[in-house]
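*Asks:* sharing a sequence plus its predicted fold:
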There are 2 protein chains.
Amino acid sequence: MQLSKIGEFGLIKKIRKRRMDASPGVLAGIGDDAAVIRTGNKKILVTTDMLIEGTHFDLSYTSFYQLGYKFLAINISDIFAMGGTPQYFFIGLGIPGKYRSEYIDELYTGIAKIAGKFGIAIAGGDTCMSKKGFVLSGTLIGSADRIITRSGSKEGDGIFVTDTLGDSAMGLMLLRKRQAEGKRQKASAWARAPRPCKTLTSREALFLLNKHLMPEPRPVKNTSKITSMIDISDGLLIDLGHICDESKVGAVIYKDKIPVSKALGSAAKISGTDPLQVALRGGEDYALLFTAPQDIKTDAVQIGEIVRKGRFIIDEKGRKTRFKPEGYEHFKSSF
Amino acid sequence: MQLSKIGEFGLIKKIRKRRMDASPGVLAGIGDDAAVIRTGNKKILVTTDMLIEGTHFDLSYTSFYQLGYKFLAINISDIFAMGGTPQYFFIGLGIPGKYRSEYIDELYTGIAKIAGKFGIAIAGGDTCMSKKGFVLSGTLIGSADRIITRSGSKEGDGIFVTDTLGDSAMGLMLLRKRQAEGKRQKASAWARAPRPCKTLTSREALFLLNKHLMPEPRPVKNTSKITSMIDISDGLLIDLGHICDESKVGAVIYKDKIPVSKALGSAAKISGTDPLQVALRGGEDYALLFTAPQDIKTDAVQIGEIVRKGRFIIDEKGRKTRFKPEGYEHFKSSF
């Protein structure tokens, strides 16, 4: 069977069957945000991400600086999702020979910017020429006193998110809309002066673009009571589905509790989309989704609770419908 | 400046200037075979390698099984070159959508084969679709009681290699020759029945092909007296040059001490090449090159000694010429 028919999740499932983490040193592997391995008496977290031009990013609206920033940001998000602290980043680059070295300087400036914010050392990597477009592969190593997987949710736990959802997906929608209009401006010029359109202010447009091009990962401060955690990369419904799968539980979420930014509301009005659908299904939020006892003290927003089984959304009129782990395919796979 | 003009080593030099391993946890970084980082009170080794279709491998004569085997073998070789024990492998794959899942099964079978030999756990990774050909990115984590870098060589040390050199380069030459002849047989069929030609027996041909397609990394058993080590991936002269650069020393090697296999001799005769030139400049040997006091007890072959400065080859008649860190460009970058 062709892989395009199995899809990415199907492939991960197949690989998971084959992995050999029956090894005593591997405490968690494929199927969580990062792997947990034991070295000596210490547990470390390892996450790897590969970004391929044409699949994951589009240099017609992403600058090399932004690409570098986001490259490390999405890896940091995976470590935060395990309750960890990111420490060492390894960079693999496959670079087209026609690139100017300034591009790579700009990329490293973006990586260094966010590395500096979180005290991450760029510790090594591999650089080679690519005849097939630009490829980036990152490995981020971190540590955690208490590691949080996707499999610890209990019936009765609250479901929390750390930020507004759907902004990144709407930012991508704006970028693509501009592109379709044939305005092939460089992303950097873009970010400086997004064109306000009707009800969307330039400040709001900039907010949405930045959420997409340079997401800002943020850890949960006190993780001691958290039972499961994941970062929202594929969209809330899919990623909540992962928690349910791994914890063998169900979930109920409330439509009117999903945090939606004012900017997303404004942009949705213009584009004639339902902001809530974007928030539920849009990917690349890189906010954290966690479950914890409902009386936890937290800045995060509770959007529902864990139940024994089934996955439901309750709308503002109290009507309950089942949800499937679906995202907007067209929102994914490109920044 | 375009990167194709700076070249890979130039680029690594530029990146090295930018890296931020002034961080106390990074004990060695870019510029050695693997990075050394501290986690808790333990030192760990991390190496990453990226393989891109068209740059590093050619599926017209490499099977997916062989590709998987070599993918992990070259990472193991980097950990051995630091005196370490490989432990955890992370696999990033960018897979063309048209691939059949059997290809990836075969790749994993090759990876699992060599992982099993060395007790390495496949601990995680990232899988995504690629519109730009097949891309593999591996991260191998290991540990070492005593870490050996490239920078410890002292004047008077002997220079040793652990295996015959040039076999892999000659294996590649044979593969390309066949390809040029338009015999587009699958590499697997190939490895089963290499066609003997004139003085080259099929056993010899198979030996050379296997050295190229499925290199067998081997550690040095007792590393306690070794002062510097590197694995020979770019060719003896280039990699010895790296030891000289990092240790700030010179080297003298003796032509008639370079270990050359009988198979390489036979194949060189047919192709009209000088086997010694192939042994000195051919890449991808994945043998280890180390320096140690000359009285060390070892199975490795001494090929020369470390001197204060200068890099010289002495031929069978005792004539001394300077050498430059040069490899056969056309021998590299493809398997």
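*Replies:* Structure's in. What do you need? Numbers count the residues shown, from 1 in each chain, chains lettered A, B, ... in the order given.
*Asks:* where does the closest residue to chain B within the stretch 151-300 of chain A fall, phi/psi-wise?
*Replies:* The nearest approach of the stretch 151-300 of chain A to chain B comes at residue A:233, 11.3 Å away (CB to the nearest CB). (C-beta placed from N, C-alpha, C; glycine too.) When read as degrees, to the nearest 10, the backbone of residue A:233 gives phi -110, psi -30.
*Asks:* one more: residue A:247?
*Replies:* According to degrees, to the nearest 10, residue A:247 has phi -90, psi -10.
*Asks:* what about it, how many neighbours?
*Replies:* Taking other CB atoms under 10 Å in any protein chain shown as the criterion, the count of residues near residue A:247 is 21.
*Asks:* give the contact list for it.
*Replies:* The contact partners of residue A:247, by CB atoms under 8 Å, 6 or more residues apart in numbering or on different chains, come to A:150-154, A:227-228, A:291, A:306.
*Asks:* before we move on, what about residue A:138?
*Replies:* Residue A:138 touches A:48-51, A:71-72, A:75, A:89-92, counting by CB under 8 Å, 6+ apart.
*Asks:* which among the residues you listed are in contact with chain B?
*Replies:* Restricting those to those near chain B by CB under 8 Å from any CB of the partner chain leaves A:48-50, A:90-92.
*Asks:* which helix or strand in chain A has the lowest average pLDDT?
*Replies:* Ranked by mean pLDDT, DSSP states H and E, the weakest helix or strand in chain A is helix A:187-192, scoring a mean of 47.
*Asks:* now the helix or strand following it: mean pLDDT?
*Replies:* Going down the chain from helix A:187-192, the next helix or strand is helix A:202-213, by DSSP states H and E. Averaging pLDDT along helix A:202-213 gives 94.
*Asks:* elements contacting helix A:202-213?
*Replies:* Using 3 or more CB pairs under 8 Å, 6 or more residues apart in numbering or on different chains; DSSP states H and E, the elements in contact with helix A:202-213 are helix A:64-80, helix A:167-180, helix A:187-192, helix A:262-271.
*Asks:* looking at those helices, which is closest to residue B:112?
*Replies:* Among the helices and strands packed on helix A:202-213, helix A:64-80 comes nearest to residue B:112, with 25.0 Å by CB to CB.
*Asks:* now that closest one, how far from the chain's geometric center?
*Replies:* How far helix A:64-80 lies from its chain's middle: 9 Å, per CA atoms, centre = their mean, to the nearest Å.
*Asks:* over to stretch A:242-256?
*Replies:* 18 Å.
*Asks:* per-residue pLDDT, residue A:147?
*Replies:* pLDDT, read off for residue A:147, is 91.
*Asks:* kindly list the main-chain dihedrals of it?
*Replies:* Dihedral angles (degrees, to the nearest 10) for residue A:147: phi -90, psi 130.
*Asks:* element containing residue A:246, please.
*Replies:* Using DSSP H and E, residue A:246 maps to helix A:236-247.
*Asks:* tell me what angle the helix or strand just after that helix forms with helix A:236-247.
*Replies:* Next along the chain after helix A:236-247, taking DSSP H and E as the criterion, comes strand A:250-254. Computed by axes from the mean of the first three to the mean of the last three CA atoms, to 10 degrees, the angle separating strand A:250-254 from helix A:236-247 equals 150 degrees.
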